[in-house]
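Trainee: just need the structure, nothing else, for what follows:
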Amino acid sequence: MTLSFTLMGIFGYLKRTALLLSALLLFFSGIVTDGNNENRAANAKTVVYVFPIRDDIAKPSFRIMQEAFREATRINADYILIHLNTYGGLVNIADSMRTRIINTPIPVICFIDNQAISAGALIAIACDSIYMRSGGNIGAATVVDQTGAAVPDKYQSFMRSTMRATAESHGKDTIINGNDTIIQWHRDPHIAEAMVDPRIAVEGIDDSTKVLTFTAEEAIRNGYCEGLAGSIPEVLQKAGITGYELVTYKPSGVDKIIGFLLSTVVQGILIMVMIGGIYFELQSPGIGFPLILALTAALLYFAPLYLEGLAEHWEVLLFIAGVALVILEIFAFPGFGVAGISGIILIVMGLTLSLVDNVAFHFEGAEAMSQLARALFTVVVSVFLSFAMAILGTKRFATSRAMSGLSLDAVQDHREGYISIDARQKEKIGKTGIAHTILRPSGIIEIDGELFDAKAEIGYIEKGEKVRVVRDEAGQLYVVKA
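Mentor: Numbering: from 1, shown residues only. Next comes the predicted model:
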């Protein structure tokens, strides 16, 4: 009994001691952890992700922005800074970009490093704050076609509402002064509309005869710019961001390859290679190097256009159908007929329509036809140059010194015994024989125990009938009934 109580006391003492040590350990570890957290907090830097936009707003712009914003989210960036300098571009793409900016949970700062015109103004206004370089401009957002002419009002109406909604997304303050309630927008939607439509007047700012465009100073006075800055560090300083780390977006290898393949010169060369390959394949039927080269060029032509959203499924299918018809012409219907002509027409249509943004077909007449005509001109010129170079290149290549060892250029002189027909045929003129087969009108005749190809001069000659050779022309015996 005494031993039992003694053991229980020892175990109780050890238990209390263990609990006390655990509590002390947790206490001191908490102090150390808090100290480490404070040190990390003290050493942590504000991450600012810099995304430059320096080109016209086009289909690749939105894809690249998506990649940049995903990377900013992945690295837990505190701010995204758009380094903007553009004269505009496609309105539908700019609308997608501004929607992405508005919906991102990361604060977005815009540094207008010179110009934010047209679609660029829409992107800038979507940002949480705007800083401009002295001498910069923002505005002039009227929707125009590629000739610079304003498109119909229904498209201007869309742009007005989009600009207005973008300005309204930054919110407003309700100020009550006595019996008066004043709504003060952070970005005045009426000003945003005036950047699109010259008919909209803004009292004290715009007289409604011109589209509104702000200088940097005017933008500051009217709430469309938070301040002047000459560099990114100055922007961050004026935004009150200190102890920051800049992470700049860098295009991936795929982006560089896509950008290279989308250049006008490269696209023209790819069209020439496609058409040239098909031309050479038609000259020498069979699956060979020219056809493989043409298909490779087609893949390099359409793949980036499809990835960027320029080429739709049906445009690619038009081209594939055209190639299929040309191949059918080569293998199934030797020559050049309906299948071949239809195939080439579909190929040209596929190449042309893939260069036209499908948004253009929503515009009224002139704009769609203008874009279509320019694309068709590009394709036709490339096709013409391809055929010209193929014909000229074939002649020069075949007669070049480099080909002299590969091509047969020996002359087979008839004086040396080289002949193209059987000389004995001339001796058969005037002789008689028997139709070895039916002549309808061509067949085989037998003369002096020898067989010869022959053709009936008049009508058909039945097998076994006597025939007489009347002439020999271009290696062909002509016969009549004897």
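
Trainee: the residue sitting nearest the centre point of the chain: which element?
Mentor: Geometric centre of the chain, nearest residue: L305, 2.6 Å, by CA atoms, centre = their mean. Using DSSP states H and E, L305 maps to helix 289-307.

Trainee: and that helix, how far from the chain's centre?
Mentor: 13 Å (CA atoms, centre = their mean, to the nearest Å).

Trainee: and that helix, which residues are buried?
Mentor: P290, L291, L293, A294, A297, A298, L300, Y301, F302, P304, L305, L307 (16 or more other CB atoms under 10 Å). The way it works is simple: take the backbone N, C-alpha and C, and place the C-beta from them, glycine included.

Trainee: got it, and stretch 229-241?
Mentor: For stretch 229-241, by 16+ other CB under 10 Å, it's A229, I232, V235, L236, A239, I241.

Trainee: remind me, longest strand of this structure?
Mentor: Taking DSSP state E as the criterion, the chain has its longest strand at strand 108-117.

Trainee: pull the distance from it to the chain's centre.
Mentor: 26 Å.

Trainee: just say helix, strand or coil for E245.
Mentor: Following DSSP: H, G, I helix; E, B strand; the rest coil, E245 is assigned to strand.

Trainee: neighbours of it, just the number please.
Mentor: Neighbours of E245 under the rule other CB atoms under 10 Å: 13.

Trainee: tell me the contacts of the closest residue to it other than its chain neighbours?
Mentor: Spatial nearest neighbour of E245, excluding adjacent residues (CB to CB, 6 or more residues apart in numbering): K45 at 4.2 Å. Counting by CB atoms under 8 Å, 6 or more residues apart in numbering, K45 touches G243, Y244, E245.

Trainee: which ones are touching the last one?
Mentor: When you say that, I think you mean E245. Taking CB under 8 Å, 6+ apart, one finds K45, T46, V47, V48 in contact with E245.

Trainee: measure it to D255 for me?
Mentor: Distance of E245 to D255, computed by CB to CB, to the nearest Å: 23 Å.

Trainee: hmm, back to that, now list the buried members of the contacts of E245.
Mentor: Applying 16+ other CB under 10 Å to the contacts of E245 flags V47, V48 as buried.

Trainee: can you flag which of the contacts of E245 belong to strands?
Mentor: T46, V47, V48.

Trainee: mind putting those residues in CSV, distance to F319 and pLDDT included?
Mentor: Listed next are the ones in strands among the contacts of E245 as CSV, based on distance: CB to CB, whole Å; pLDDT from 0 to 100:
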residue, distance to F319, pLDDT
T46, 50, 93
V47, 45, 96
V48, 45, 97
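
Trainee: reformat those residues as a markdown table; add distance to I109.
Mentor: Below are those laid out as a markdown table (distance: CB to CB, whole Å):
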| residue | distance to I109 |
| --- | --- |
| T46 | 12 |
| V47 | 13 |
| V48 | 8 |
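
Trainee: export the buried residues of stretch 229-241 to JSON lines and tack on pLDDT, distance to I102 and secondary structure?
Mentor: What follows is the buried residues of stretch 229-241, written out as JSON lines (pLDDT from 0 to 100; distance: CB to CB, whole Å; DSSP: H, G, I helix; E, B strand; the rest coil):
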{"residue": "A229", "pLDDT": "96", "distance to I102": "23", "secondary structure": "coil"}
{"residue": "I232", "pLDDT": "96", "distance to I102": "22", "secondary structure": "helix"}
{"residue": "V235", "pLDDT": "96", "distance to I102": "20", "secondary structure": "helix"}
{"residue": "L236", "pLDDT": "96", "distance to I102": "22", "secondary structure": "helix"}
{"residue": "A239", "pLDDT": "94", "distance to I102": "19", "secondary structure": "coil"}
{"residue": "I241", "pLDDT": "94", "distance to I102": "21", "secondary structure": "coil"}
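
Trainee: will you turn those residues into JSON lines that also has distance to Y79?
Mentor: Output for these, formatted as JSON lines (distance: CB to CB, whole Å):
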{"residue": "A229", "distance to Y79": "14"}
{"residue": "I232", "distance to Y79": "11"}
{"residue": "V235", "distance to Y79": "10"}
{"residue": "L236", "distance to Y79": "8"}
{"residue": "A239", "distance to Y79": "8"}
{"residue": "I241", "distance to Y79": "7"}
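
Trainee: farthest-separated two in those?
Mentor: A229 and I241 (12.1 Å; CB to CB).

Trainee: show me the helices in the protein, by range?
Mentor: 2-43, 59-74, 91-103, 119-126, 153-168, 189-194, 216-221, 232-238, 253-261, 264-283, 289-307, 313-331, 338-353, 366-398 (DSSP state H).

Trainee: comparing these, which comes out most buried?
Mentor: helix 119-126 (a mean of 28; mean count of other CB atoms under 10 Å).

Trainee: just the pLDDT for A368.
Mentor: At A368, the pLDDT value in this model is 57.

Trainee: I misspoke; the intended subject was L392.
Mentor: Reading off the model, L392 has pLDDT 73.

Trainee: repeat for G309
Mentor: pLDDT, read off for G309, is 68.

Trainee: N85 now?
Mentor: pLDDT, N85: 96.

Trainee: distance of it from I182?
Mentor: Taking CB to CB, one finds N85 at 36 Å from I182.

Trainee: same check, this time on G459
Mentor: Following CB to CB, the distance that separates G459 from I182 is 107 Å.

Trainee: give me the helix or strand of the chain that scores worst on average pLDDT.
Mentor: Least confident helix or strand of the chain, by mean pLDDT, DSSP states H and E, is helix 2-43 with a mean of 45.

Trainee: measure stretch 456-476 end to end?
Mentor: Taking CA to CA, to the nearest Å, stretch 456-476 runs 11 Å from one end to the other.

Trainee: now swap in stretch 118-131 and tell me
Mentor: End-to-end for stretch 118-131, by CA to CA: 17 Å.

Trainee: adjust the sequence numbering to begin at 41 for everything that follows.
Mentor: Sounds good: first residue 41 from here, last item stretch 158-171.

Trainee: more neighbours, N125 and I222?
Mentor: Between N125 and I222, counted using other CB under 10 Å, the more crowded position is N125 (18 against 10).

Trainee: burial count for Y500?
Mentor: 12.

Trainee: quick check: it touching A475?
Mentor: No: Y500 lies out of contact with A475 (CB atoms under 8 Å); the separation is 9.7 Å.

Trainee: quick one: low-confidence ranges for this structure?
Mentor: Residue ranges of the chain with pLDDT under 70: 41-84, 186-187, 215, 217-221, 322-327, 349-350, 370-376, 397-411, 430, 433-463.
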